[in-house]
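Chemist: one predicted model, sequence on top.
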Amino acid sequence: MKTSKKNRVILTIVNLVVGVIIIGPLLYAVSLSFMTPGEISQYPPKLVPSKVTLENYHTAINSVPLFRFIVNSFVVSILVTIGQVFTASLASFAFAFYDFKGKKLLFLMVLSTMMIPGETTIISNFLTISSWGWTDSLQVLIVPFLTSAMGIFLIRQFYLTLPKDLIEAARIDGCSNFMLLIKILIPISKPAIASLSIYTFISTWNQYLWPLLTINNGNNRTVQIGISMLQFAEGSNYGVVLAGAVLILIPSILVFILGQKSLVQGMTAGSVKG
């Protein structure tokens, strides 16, 4: 018993140390964002500002239309998240409960796309959307990402853990496939759906290369492009750049904190097949 308690104490201490190491740079960046340029350049470096100032945040907001970029990123991230949940739920239902010729091969082909780096297809995708005249619009940031192999795999694995008796009972009661999906499967798949939603939102929020390639219109740029513009405009003023970085980090951090429990539950939901 004493050994078990001692192990828990050691594990807690190790977790605290690792947590401080991981979150330390972020906390230091937040502290620097409230310092004056003179304090930032002091040696030895100061960890805490002697006087908190919001001048860096004021400059960051006025240097580039940061709030406009945040709104664009919100719209894109939310619509991509909704699209991936919708398409993944439909595809997962087919792969989990339909029997058709070539199902296993088709599912393996879907999974194989997860092993293809996005950089290898970015040129062909760009040529395609350019021929459609979609460049410089938000739809070019949304439509190509409305489905994902990882989402299909995640929700399918969750569906496979459900008791077959539940599905058979619903069908005996006259429940159509669509009603089975809407009324039964989606409500009990909240952990997997929440996990997919959080992962999709954060990954879409942090996209950089594709928006940089496809968006030249300043009104449709996203936060990651916005912070690059801020860095270019205020390159020597690190406090302003860090203030902008903190502002665009807040939404993704809040989403992760609020959905952390669901994210873990969703990732482990399909680990055991029932």
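Modeler: Yep, that arrived. Numbering: from 1, shown residues only.
Chemist: residue 76 contacts residue 138, doesn't it?
Modeler: Yes: between residue 76 and residue 138 there is a contact under Cβ atoms under 8 Å: 6.0 Å. Bear in mind the C-beta positions are built from the backbone N, C-alpha and C, glycine included.
Chemist: neighbour count: the two, which is higher?
Modeler: Legend: neighbour count by other Cβ atoms under 10 Å for residue 76 and residue 138, higher for residue 76 (24 against 18).
Chemist: excluding chain neighbours, what is closest to the more buried one?
Modeler: residue 141 (4.7 Å; Cβ to Cβ, 6 or more residues apart in numbering).
Chemist: same question for residue 87.
Modeler: Once flanking residues are discounted, residue 87 sits nearest to residue 147: 4.1 Å by Cβ to Cβ, 6+ apart.
Chemist: roughly how far is stretch 139-151 from the heart of the chain?
Modeler: Centroid separation for stretch 139-151 versus its chain: 12 Å, with Cα atoms, centre = their mean, to the nearest Å.
Chemist: put the alpha carbons of it into PDB.
Modeler: Presented in PDB, the C-alpha positions along stretch 139-151 are these (Å, rounded to 0.1, in the frame of the first residue of the first chain):
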ATOM      1  CA  GLN A 139     -15.000  27.900 -50.200                       C
ATOM      2  CA  VAL A 140     -11.500  26.900 -51.300                       C
ATOM      3  CA  LEU A 141     -10.600  26.500 -47.700                       C
ATOM      4  CA  ILE A 142     -13.800  24.600 -46.900                       C
ATOM      5  CA  VAL A 143     -14.900  22.200 -49.700                       C
ATOM      6  CA  PRO A 144     -11.600  20.300 -50.100                       C
ATOM      7  CA  PHE A 145     -11.600  19.400 -46.400                       C
ATOM      8  CA  LEU A 146     -15.300  18.300 -46.000                       C
ATOM      9  CA  THR A 147     -14.300  14.700 -45.500                       C
ATOM     10  CA  SER A 148     -11.400  12.800 -43.900                       C
ATOM     11  CA  ALA A 149     -10.200   9.200 -43.800                       C
ATOM     12  CA  MET A 150      -9.400   9.600 -40.100                       C
ATOM     13  CA  GLY A 151     -12.900  10.700 -39.300                       C
END
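Chemist: just the residues contacting it, thanks.
Modeler: Here stretch 139-151 makes contact (Cβ atoms under 8 Å, 6 or more residues apart in numbering) with 76, 79-80, 83-85, 87-88, 91, 110-111, 113-114, 125, 129, 134, 196, 199-200, 204, 207, 210-211, 214-215, 222.
Chemist: out of the residues you listed, which end up buried?
Modeler: With neighbours counted by 16 or more other Cβ atoms under 10 Å, the contacts of stretch 139-151 contain buried members at 76, 79-80, 83-85, 88, 91, 110, 129, 134, 196, 199-200, 204, 207, 210-211, 214-215, 222.
Chemist: residue 60 contacts residue 237, correct?
Modeler: No: using Cβ under 8 Å as the test, residue 60 is too far from residue 237 to be in contact (9.3 Å).
Chemist: so between the two, which is more surrounded?
Modeler: Neighbour totals were compared for residue 60 and residue 237, and residue 60 leads with 27 against 18 (other Cβ under 10 Å).
Chemist: the helix or strand containing the more buried one: which residues count as buried?
Modeler: Using DSSP states H and E, residue 60 sits within helix 55-63. Buried positions in helix 55-63, judged by neighbour count with 16+ other Cβ under 10 Å: 56, 57, 59, 60, 61, 63.
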